[in-house]
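*Asks:* sharing a sequence plus its predicted fold:
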Amino acid sequence: MAKVVAVNISEKKGVPKKTVEFVEVIEDFGLKGDAHAGHWHRQVSFLGIESIEKMKKAGVKGLCTGKFAENITTEGIDLYLLEIGTRFKISQVEFEVTQIGKECHQKCAIFHQVGDCVMPKEGIFAKVIKGGIIKAGDEITL
């Protein structure tokens, strides 16, 4: 079963996100209180815990959820294999995949530590089709 491991937000862009108990997801906007929310195609970011574990095995110390600035940390689903336009649900919230990976304009601290970073290759972005509440443990369904 695919599920949510953590939900994360930050008030400013360019910083790791803080894990919170739950998030309110707003239709066609993103996560309430998150700096990346807005009327654009990258309203919510996702990264699998499996990707974070790859970086730990590569020698990155101190990694936890939110360190790659992902809003939703998942488990049990290869997010980067989804196609653009794929719709999925977490609890009652519905998302549509809009982008796989991203260009990393400034190499992050993790890149400088080990020479690689997973978010540009394995992170995905989505827009919110239907809002609601998401918390850790919620099931993800395609």
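*Replies:* Great, that's in hand.

*Asks:* please count neighbours and contacts with C-alpha atoms only from this point.
*Replies:* Noted.

*Asks:* grab the longest helix from the chain for me.
*Replies:* In the chain, assigned by DSSP state H, the helix with the most residues is helix 49-57.

*Asks:* would you mind checking the average pLDDT for that one?
*Replies:* The pLDDT scores in helix 49-57 average 84.

*Asks:* so after it, what's the next helix or strand?
*Replies:* strand 72-75 (DSSP states H and E).

*Asks:* contacts for that following strand?
*Replies:* 2-8, 44-50, 65-66 (Cα atoms under 8 Å, 6 or more residues apart in numbering).

*Asks:* mind redoing it with 10 Å?
*Replies:* Defining contact as Cα atoms under 10 Å, 6 or more residues apart in numbering, one finds that strand 72-75 is touched by 1-9, 19, 23, 44-52, 64-66, 123-124, 134-140.

*Asks:* now, those that are in strands?
*Replies:* 3-9, 19, 23, 44-48, 124, 134-135, 140 (DSSP state E).

*Asks:* what sits against the residue nearest the centre of the chain?
*Replies:* Centroid check for the chain by Cα atoms, centre = their mean gives residue 46 as the closest residue, at 2.0 Å. Contacts for residue 46 (Cα under 10 Å, 6+ apart) come out as 4, 7-8, 66, 68-74, 79-80, 97, 100-101, 119, 122-126.

*Asks:* how about the nearest residue to it, chain neighbours excluded?
*Replies:* Leaving aside its chain neighbours, residue 46 sits nearest to residue 72 (4.8 Å; criterion: Cα to Cα, 6 or more residues apart in numbering).

*Asks:* for that neighbour, list each beta-bridge partner.
*Replies:* Following DSSP bridges, residue 72 is listed with bridge partners residue 7, residue 46.
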